[in-house]
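[1] coords please:
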Amino acid sequence: MTQQPQQPIKIAILAMGGEGGGVLADWLVDLGEANGWIAQTTSVPGVAQRTGATIYYVEIYPEAQAHADGGQPVLALMPLPGDVDVVLCSELMEAGRAVQRGLVTPDRTTLVASTHRVYSIAEKSAMGDGRVDSTQLLAHAEQAAQRFVRFDMAEAAAQSGSVISAVLFGALAGTGVLPFAREQFEATIERGGVGVKPSLKAFGAAFARAQAGEAAAQAEPVAPMRPRATASDAAIQALLTRLYGEFPVQAQPLMLEGLRRLVDYQDVAYAALYLDRMAEVCSLPDDAARTLACETARHLALWMSYEDTARVAQLKTRSSRFARVKQETGVNADQVIAINEYMHPGLREICETLPGGMGRWLMGSGAPRRLVEGLTKKGRVVQTSSVHGFLLLSAVAFARRWRRSTIRYSEENGRIEQWLHGLREAATASPELAVELARCQKLVKGYSDTHERGVRNYDTVIAAWRQAGPTLAPATLRAWREAALADEHGHALKASLAQHAATTGTATGQATPPVAAMALPA
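    All right, here's what the predicted structure looks like:
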């Protein structure tokens, strides 16, 4: 029987730009060459995937075996499906792409991947929840690989003050799949001479994590509600007492988050209004009302904390945001960072920020309106890291104190009340239909043009539901909602409504709801 010749060890690295994939490939080459192996690395750069994904490919072959064979090994320039020993991925989606390409196989491949996500443009720009299910990605990767080592390597890198390439290198060493000792891996980092101390720290933590295996996830207790400085402890306690004493247990976790969000967004009285509205929903009969309560708890809190200019300014001027930006950019204590906000407020957004009477006057004025329109024709850059920029946005954030008197609040509050009335009305005929109606709130989101398109689609769906009546199937309303989220211009929604009309012999989507005139999106 002829003995099969020894094969090179084949390693593919899938990483995004700036994550040190090239450094990791160079470390692997240096690791091999310093320990008597022939090594070769190539890279295939990618584009248009977040910051640009690149596949680095490394093959190593023992030099002693090459001499025994009487020649030099022929090493490949790119990975082939079903012919890779180790795959290293700097992010979970990249692991999914490796599986999709066939680089990960259950008969031979060790897959080492970070479980954190860096969302793609398509995921971020989707009108609905466009995120790929991480649970499914993990399940497919687990099934495809012979061995799957994973944990949040971005967090591990941040904790050690290093980069994710050092964490991947340590995790690879911890798997024991390569014929090198830990000391040989660490010597490779030391020979690099750059960021040696934090890289070794990250390497060591990842090495231990890979050898220990994936620890069981522990459920974290819900953090206690932290009141704003303007909210007394007694007022907060009154909200919590009411929450835990009056509402279904299933809805309490979501409602707690809703209360925390609304106290931060406005004040305790506004959070109490949230409980008043939820009490009406939770009083509905039938077991399905508990599901409706959970859905309403989430979507009502989101709607009541709609994004206006005051909210955006409030979030942009928080100390926690400055700390997060500094952490993400990795600046040192002795470095100065400048944060620029690209803003383009329109006349309507300005009028919606002013007290109601002033906003309505400006909207209907002549010369003042034209003056504001001229000043806001072009966008502007506000540097929140400067005193002037910070004070400017802080003044805009202060406008939340008169939010309840604004034009925007009146419009949003009117839609919320009509939505809640519709939930109660639908629940009497079909709790399942009421649940689908509650989920229609996700059509209303964002601000400026995004908000206007969302409201237009929402109003169209609600008008179609009212015209169809209580006999409408919940699946049909769900299909309309999903169609509205399919594209921002409403073409899919228009087609879905037309199909329903053709099937039932009735026209839908032409009614005029109480708040705003309805029209099918062009």
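
[2] just for the stretch 301-450 of the chain, where's the confidence low?
    447-448 (pLDDT under 70).

[3] Okay, strands next: where are they in it?
    For the stretch 301-450 of the chain, applying DSSP state E, counting those that start in this stretch gives strands covering 340-343, 380-383.

[4] Reformat the ones you listed as TSV; add distance to residue 211.
    For the C-beta atoms, the positions are set from N, CA and C on the backbone; glycine is no exception. Shown next, in TSV, are the strands of the stretch 301-450 of the chain (distance: least, CB to CB, whole Å):
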stretch	distance to residue 211
strand 340-343	44
strand 380-383	47
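
[5] Mean neighbour count added to the ones you listed, as TSV?
    Formatted as TSV, the strands of the stretch 301-450 of the chain follow (neighbours: other CB atoms under 10 Å):
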stretch	mean neighbour count
strand 340-343	14
strand 380-383	14
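
[6] wait, which of those is closest to residue 418?
    strand 340-343 (31.5 Å; CB to CB).

[7] Just checking: what are the partner strands of the closest one?
    Here strand 340-343 is paired, per DSSP bridges, with strand 380-383 (antiparallel).

[8] okay, the partner strand in PDB with CA atoms only?
    The C-alpha coordinates for strand 380-383 follow below in PDB (Å, rounded to 0.1, in the frame of the first residue of the first chain):
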ATOM      1  CA  ARG A 380     -23.600  71.800   9.400                       C
ATOM      2  CA  VAL A 381     -20.900  70.200  11.400                       C
ATOM      3  CA  VAL A 382     -21.100  70.500  15.200                       C
ATOM      4  CA  GLN A 383     -18.100  69.500  17.200                       C
END
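
[9] which other residues reach it?
    With CB atoms under 8 Å, 6 or more residues apart in numbering as the test, strand 380-383 has contacts from 338-344, 389, 392-393.

[10] just how off-centre is it within its chain?
    Relative to its chain's centre, strand 380-383 lies at 25 Å (CA atoms, centre = their mean, to the nearest Å).

[11] I figured residue 306 hits residue 411, correct?
    No. If you go by CB atoms under 8 Å, residue 306 and residue 411 don't touch, sitting 9.6 Å apart.

[12] The two: which has the busier surroundings?
    residue 306 (21 against 15; other CB atoms under 10 Å).

[13] helices and strands of this protein: which one bottoms out on pLDDT?
    helix 121-125 (a mean of 72; mean pLDDT, DSSP states H and E).

[14] and after it, which helix or strand comes next?
    Remark: after helix 121-125, the chain's next helix or strand is helix 134-144, criterion DSSP states H and E.

[15] show me the contacts for the residue nearest to residue 29 when sequence neighbours are not counted.
    Of all residues not flanking residue 29 in the chain, residue 39 sits nearest, at 4.2 Å (CB to CB, 6 or more residues apart in numbering). Residues in contact with residue 39 (CB under 8 Å, 6+ apart) are 28-33, 58-61.

[16] Using PDB, list the CA coordinates for stretch 199-211.
    Only the C-alpha atoms of stretch 199-211 are listed here, as PDB (Å, rounded to 0.1, in the frame of the first residue of the first chain):
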ATOM      1  CA  SER A 199      -0.500  41.400  23.000                       C
ATOM      2  CA  LEU A 200       0.900  38.800  25.400                       C
ATOM      3  CA  LYS A 201      -1.800  39.600  27.900                       C
ATOM      4  CA  ALA A 202      -4.500  39.100  25.300                       C
ATOM      5  CA  PHE A 203      -2.800  36.000  24.100                       C
ATOM      6  CA  GLY A 204      -2.700  34.500  27.600                       C
ATOM      7  CA  ALA A 205      -6.300  35.200  28.400                       C
ATOM      8  CA  ALA A 206      -7.400  33.700  25.000                       C
ATOM      9  CA  PHE A 207      -5.100  30.600  25.500                       C
ATOM     10  CA  ALA A 208      -6.700  29.800  28.800                       C
ATOM     11  CA  ARG A 209     -10.200  30.400  27.400                       C
ATOM     12  CA  ALA A 210      -9.700  28.100  24.500                       C
ATOM     13  CA  GLN A 211      -8.300  25.300  26.700                       C
END
